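> generate a structure from the sequence data that follows.
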Amino acid sequence: MVPQLSFDTGKGKVSNARGWINVFNQNWTGIEERRMESNYTPDNLSEGTQRDRITFMKVKDPVFGTYKYQFVGIFKWNRIEDNRVIFKRIAEEIDLTPYNQ
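Numbers count the residues shown, from 1 in each chain. Got it, this is the predicted structure:
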């Protein structure tokens with residue numbers, strides 16, 4: 001399953017990814033991931049076992065109405081707070097040279 005970012009309708013956050021809520025913090029330097037169920041505990045995540053997350057966001061072109069994916073950064077597992085997993089942005093660019101051979 002690929003995590004997807006949620007959106008806020010003004011009446012609360014809505015998940016579009018099978019019960020997961022993933023939202024950016026205010027300055028887009030972190031992502032908070034949690035389950036919609038309040039009793040979920042992310043106990044299967046331990047430091048050092050997580051891979052970096054190359055993250056894109058689906059955006060709609062306001063003129064043409066078409067969708068595209070925009071790169072927003074590389075995020076790394078940072079910590080667990082209550083029932084939330086916090087990821088911190090570690091890069092705003094990615095070097096694709098190694099993949100272009």
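> when you work out contacts or count neighbours from here on, use the C-alpha atoms and nothing else.
OK.
> bridging residues for V23?
Beta-bridge partners for V23, by DSSP bridges, are E32.
> go ahead and confirm it touches E33.
Yes - contact criterion CA atoms under 8 Å: V23 and E33 qualify, at 6.8 Å.
> quick one: end-to-end distance for stretch 89-98.
Counting by CA to CA, to the nearest Å, you get 21 Å between the two ends of stretch 89-98.
> hmm, who's touching it?
W28, T29, G30, I31, V72, G73, I74, F75, K76 (CA atoms under 8 Å, 6 or more residues apart in numbering).
> centre of the chain versus that stretch, how much separation?
Centroid separation for stretch 89-98 versus its chain: 16 Å, with CA atoms, centre = their mean, to the nearest Å.
> that stretch: which residues count as buried?
Neighbour-count burial for stretch 89-98 flags R89 (criterion: 16 or more other CA atoms under 10 Å).
> state the mean pLDDT of that stretch.
The average pLDDT for stretch 89-98 rounds to 92.
> so, low pLDDT: which residues of the chain?
1-18, 38, 41-50 (pLDDT under 70).
> show me where it has helices.
Ranges of helices within the chain: none, based on DSSP state H.
> what about the strands in it?
For the chain, the strands defined by DSSP state E cover 7-8, 13-14, 20-24, 30-35, 53-60, 67-81, 84-91.
> could you dump those to TSV with distance to Q101?
Shown next, in TSV, are the strands of the chain (distance: least, CA to CA, whole Å):
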stretch	distance to Q101
strand 7-8	37
strand 13-14	41
strand 20-24	33
strand 30-35	32
strand 53-60	20
strand 67-81	21
strand 84-91	23
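> number of residues surrounding the residue lying closest to K88 once chain neighbours are set aside?
What sits nearest to K88 in space, not counting adjacent residues and going by CA to CA, 6 or more residues apart in numbering, is G30, at 4.4 Å. Applying other CA atoms under 10 Å, we find 21 residues neighbouring G30.
> would you agree G30 is in contact with N78?
No - using CA under 8 Å, G30 makes no contact with N78, being 9.1 Å away.
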